[in-house]
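Engineer: Turn this into a model:
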Amino acid sequence: MLSLHGSVRKLALLCLLYLCDLFGGAESFSLSSSGPRNRQQAVSSFTPLSPQVSSPHNLLRPTDSIQSPVGLSSEARSSLGGSVERKKILVLGGDGFCGWPTALHLSDHGHDVIVVDNLSRRRIDTELGAESLTPIQSMEERTNVWKAVSGNEVQFRMLDVAKDFDGLLELIKTEKPDTIIHFAEQRAAPYSQKDGAKKRYTVDNNVGATHNLLVAIVESGLDIHVVHLGTMGVYGYGTSGGEIPEGYIDVTLPGGRPSTILHPAYPGSVYHTTKCLDALLFQFYNKNDGLRVTDLHQGIVWGTNTDQTVKDERLVNRFDYDGDYGTVLNRFLMQAALGIPLTVYGTGGQTRAFVHIRDTCRCIELAVNNPPASGEKVQIFNQVAETLRVRDLAEKVAGKAGCKVAYLENPRNESAENELEVSNRKFRLLGLDPILLDDRLLDEVTDIARKYKHRCKSELVMPSSFWNKRRADDCARRPIRATEEILGELKTTDELNNPALLKSSP
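Structural biologist: Model (predicted):
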């Protein structure tokens with residue numbers, strides 16, 4: 001398996017040189033060594049929303065004639081028409097890509113926020129040699145600047161939630177938070193597949209952090225609402241033949257007995273597996289100890305800044321572009337800013353759910369303000385704005401930037417093509433008007449990529465983690481594949497429109 005950094009780096013450089021020669025423009029490769037919405041509407045301004053569909057592959061389920069927020073807890077329903085109370089909130093993992101802007105968003109909206117982090121994501125930057133494209137400041141600098149520009153204090157506590165159970169329990173007992181938001185998990189699927197050490201770390205860190213949190217809340221004796229950032233990947237990415245509901249499905253057991261169960265888990269990586277294990281832990285502690293939990297199954301996040309992080313450059317959010325941590329759209333926009341071909345894995349027929357970073361913050365705020373009532377089951381929301389097919393996304397960005405698209409052998413073990421129909425009804429019932437992909441927001445992210453492109457190590461954009469030995473061997477044998485070869489595998493237009501007829505990648 002290609003797990004040694006030296007071998008992977010050489011492979012990445014060879015791929016880049018080949019792409020350069022293939023598409024012309026060696027001068028575009030720079031190997032370096034080194035529009036916002038208004039503030040979140042009040043929950044009381046809830047109005048039903050009509051569906052927005054941007055393409056045939058945007059398969060979010062329309063919400064037909066919404067009358068009332070059926071399916072939400074009684075406490076959540078009552079809060080729709082009332083004021084939002086100030087809460088003390090611990091943000092575990094608040095130094096990360098989603099955690100930092102969420103912490104500022106909640107602080108800006110009147111909550112008392114304490115960020116808890118062990119800064120492990122920064123250490124991984126050093127390990128991979130792939131720092132954030134944007135120059136993120138120390139947590140001390142970040143929190144000082146935020147207080148200066150906003151007048152609000154965000155406290156920071158250095159703590160490893162997965163290892164220091166006693167410290168976590170003491171913090172909870174001392175601060176007595178109303179809500180704990182749990183981001184404190186290794187979030188990258190490719191990193192979780194990189195080698196045996198990364199697989200073990202991902203499981204130990206993610207499951208350990210979640211379990212420590214739940215046990216600490218039980219032992220504290222406090223009634224605390226847990227908001228967990230999960231992933232749409234718990235459902236899997238094969239074509240299911242219907243809409244993916246929000247967490248639960250109604251089934252008929254043998255003998256005609258009706259029941260409601262968790263949607264079957266079908267993870268596609270070690271990282272996604274840890275989120276499935278989290279979900280089972282939530283179910284147990286909810287049933288056994290009455291813990292109140294909201295689990296947010298989030299799509300792929302794109303974008304970088306929010307209304308809060310743009311107040312001062314020293315508050316800027318991180319921007320990951322590398323093959324392990326860079327989300328697909330941000331990676332495409334980075335490549336476009338560099339003027340190099342966009343790299344699509346496999347056929348690009350993978351359909352995925354997307355959400356803008358601003359909506360991540362807004363959804364978490366809605367979850368914080370609308371907790372499940374005592375005794376209610378785990379509340380599950382699909383935190384997505386739209387679904388898009390990867391090759392369509394690549395063509396949109398390439399057409400806008402005037403660059404090429406290159407198809408790579410897929411380093412992942414996943415279906416070559418899939419449809420994805422997702423319900424996001426609960427957040428829409430709470431008033432979320434999701435941000436959809438548009439040129440203005442693409443320009444905003446592209447401007448950031450261009451501004452800081454001198455900090456980019458271009459070879460790191462290429463994939464360096466492989467799901468198994470066969471994937472690694474295939475990628476080493478033919479890393480760049482001709483467009484005609486990729487599309488030829490689809491055989492017919494009928495197969496393009498009916499992914500169920502297609503074979504999965506090895």
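
Engineer: For Arg471, which non-adjacent residue is closest in space?
Structural biologist: Pro411 (5.4 Å; CB to CB, 6 or more residues apart in numbering). Any C-beta I mention is one placed from the backbone N, CA and C, and that applies to glycine too.

Engineer: Helices of the stretch 351-500 of the chain, start to end?
Structural biologist: In the stretch 351-500 of the chain, the helices defined using DSSP state H, counting those that start in this stretch lie at 357-369, 390-401, 425-429, 439-451, 469-477, 483-488, 493-497.

Engineer: Check the average confidence over the fifth one, would you?
Structural biologist: Per-residue pLDDT values over helix 469-477 give a mean of 94.

Engineer: in that helix, what counts as buried?
Structural biologist: Arg471, Ala472, Asp474, Cys475 (16 or more other CB atoms under 10 Å).

Engineer: with those in mind, which one is nearest to Glu395?
Structural biologist: Distance to Glu395, by CB to CB, is smallest for Cys475 among these, at 22.8 Å.

Engineer: Hmm, the closest one is touching Glu409, no?
Structural biologist: Yes. Assessed by CB atoms under 8 Å, Cys475 is found in contact with Glu409 at 4.6 Å.

Engineer: coming back round to it: count the residues that sit near the residue nearest to Arg471.
Structural biologist: 24 (other CB atoms under 10 Å).

Engineer: Provide a list of residues in contact with it.
Structural biologist: Residues in contact with Pro411 (CB atoms under 8 Å, 6 or more residues apart in numbering) are Pro190, Tyr345, Pro463, Ser465, Phe466, Trp467, Arg471, Ala472, Cys475.

Engineer: Go again with 10 Å.
Structural biologist: 2, 190, 193, 323, 345-346, 462-468, 471-472, 474-475, 479 (CB atoms under 10 Å, 6 or more residues apart in numbering).

Engineer: Give me the subset of those lying in strands.
Structural biologist: In strands, judged by DSSP state E, the following of these are found: Tyr345.

Engineer: Show me which of the contacts of Pro411 are buried.
Structural biologist: The neighbour count (16+ other CB under 10 Å) marks 2, 190, 193, 323, 345-346, 462-467, 471-472, 474-475, 479 as buried among the contacts of Pro411.

Engineer: What helix or strand is the residue of the chain most remote from its centre located in?
Structural biologist: Relative to the centre of the chain, and counting by CA atoms, centre = their mean, the farthest-placed residue is Gly255 at 40.2 Å. Under DSSP states H and E, no helix or strand contains Gly255.

Engineer: Where does pLDDT dip in the stretch 401-506 of the chain?
Structural biologist: Along the stretch 401-506 of the chain, segments meeting pLDDT under 70 span 481-506.

Engineer: Now stretch 189-203: buried residues?
Structural biologist: Ala189, Pro190, Tyr191, Ser192, Gln193, Lys194, Lys198, Lys199, Tyr201, Thr202, Val203.

Engineer: Turn the residues you listed into JSON lines, including distance to Gly99 and pLDDT.
Structural biologist: Converted to JSON lines, the buried residues of stretch 189-203 look like this (distance: CB to CB, whole Å; pLDDT from 0 to 100):
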{"residue": "Ala189", "distance to Gly99": "18", "pLDDT": "98"}
{"residue": "Pro190", "distance to Gly99": "20", "pLDDT": "98"}
{"residue": "Tyr191", "distance to Gly99": "17", "pLDDT": "98"}
{"residue": "Ser192", "distance to Gly99": "18", "pLDDT": "99"}
{"residue": "Gln193", "distance to Gly99": "23", "pLDDT": "98"}
{"residue": "Lys194", "distance to Gly99": "22", "pLDDT": "98"}
{"residue": "Lys198", "distance to Gly99": "21", "pLDDT": "99"}
{"residue": "Lys199", "distance to Gly99": "23", "pLDDT": "99"}
{"residue": "Tyr201", "distance to Gly99": "19", "pLDDT": "99"}
{"residue": "Thr202", "distance to Gly99": "17", "pLDDT": "99"}
{"residue": "Val203", "distance to Gly99": "21", "pLDDT": "99"}
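
Engineer: Any chance of TSV for those residues, columns distance to Val161?
Structural biologist: Conversion of those to TSV gives the following (distance: CB to CB, whole Å):
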residue	distance to Val161
Ala189	21
Pro190	23
Tyr191	18
Ser192	18
Gln193	23
Lys194	22
Lys198	19
Lys199	20
Tyr201	14
Thr202	15
Val203	15
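
Engineer: Among those residues, which pair sits farthest apart?
Structural biologist: Pro190 and Val203 (15.6 Å).

Engineer: Let me see the contact set for the closest residue to Tyr325 other than its chain neighbours.
Structural biologist: Among residues not flanking Tyr325 along the chain, Ala188 sits closest, at 4.8 Å (CB to CB, 6+ apart). Listed by CB under 10 Å, 6+ apart, the contact set of Ala188 reads 97, 121, 124, 128, 194, 198, 202, 269, 271, 320, 322-327, 465.

Engineer: swap the cut-off to 7 Å and go again
Structural biologist: With contact set as CB atoms under 7 Å, 6 or more residues apart in numbering, Ala188 has these partners: Tyr271, Asp324, Tyr325.

Engineer: circling back: pLDDT at the residue farthest from the centre of the chain, what is it?
Structural biologist: 95.

Engineer: again, but for Pro51
Structural biologist: 31.

Engineer: Surely Tyr235 is in contact with Pro267?
Structural biologist: No. In this structure, Tyr235 is not within contact of Pro267 by CB atoms under 7 Å, at 9.1 Å.

Engineer: Looking at these two, which has the bigger crowd around it?
Structural biologist: Between Tyr235 and Pro267, counted using other CB under 10 Å, Tyr235 has the larger neighbour count: 24 against 19.

Engineer: Please list all residues in contact with the more buried one.
Structural biologist: Ile244, His263, Tyr266 are the contacts of Tyr235 under CB under 7 Å, 6+ apart.

Engineer: Which single one of these is nearest to Asp223?
Structural biologist: Once CB to CB is applied, the member of the contacts of Tyr235 that ends up nearest Asp223 is His263, at 27.6 Å.

Engineer: if we can go back for a sec, which of the contacts of Ala188 sits closest to His111?
Structural biologist: Tyr325 (27.9 Å).

Engineer: measure the nearest residue to Ser150 once chain neighbours are set aside to Arg200 for me?
Structural biologist: With sequence-adjacent residues excluded and distances taken as CB to CB, 6+ apart, Ser150 is closest to Asp108, at 6.3 Å. Distance, Asp108 to Arg200, by CB to CB, to the nearest Å: 38 Å.

Engineer: Then Val270?
Structural biologist: Distance, Val270 to Arg200, by CB to CB: 9 Å.

Engineer: Straight-line length of stretch 290-301, end to end?
Structural biologist: End-to-end distance of stretch 290-301: 31 Å, with CA to CA, to the nearest Å as the criterion.

Engineer: In that stretch, which residues are buried?
Structural biologist: Residues Leu291, Arg292, Val293, Thr294, Asp295, Leu296, His297, Gln298, Gly299, Ile300, Val301 are the ones in stretch 290-301 that count as buried (16+ other CB under 10 Å).

Engineer: Poorly predicted segments of the chain, please.
Structural biologist: 1-83, 481-506.

Engineer: May I ask you to name the longest helix in it?
Structural biologist: helix 196-220 (DSSP state H).

Engineer: Please compute how far it lies from its chain's middle.
Structural biologist: 19 Å (CA atoms, centre = their mean, to the nearest Å).
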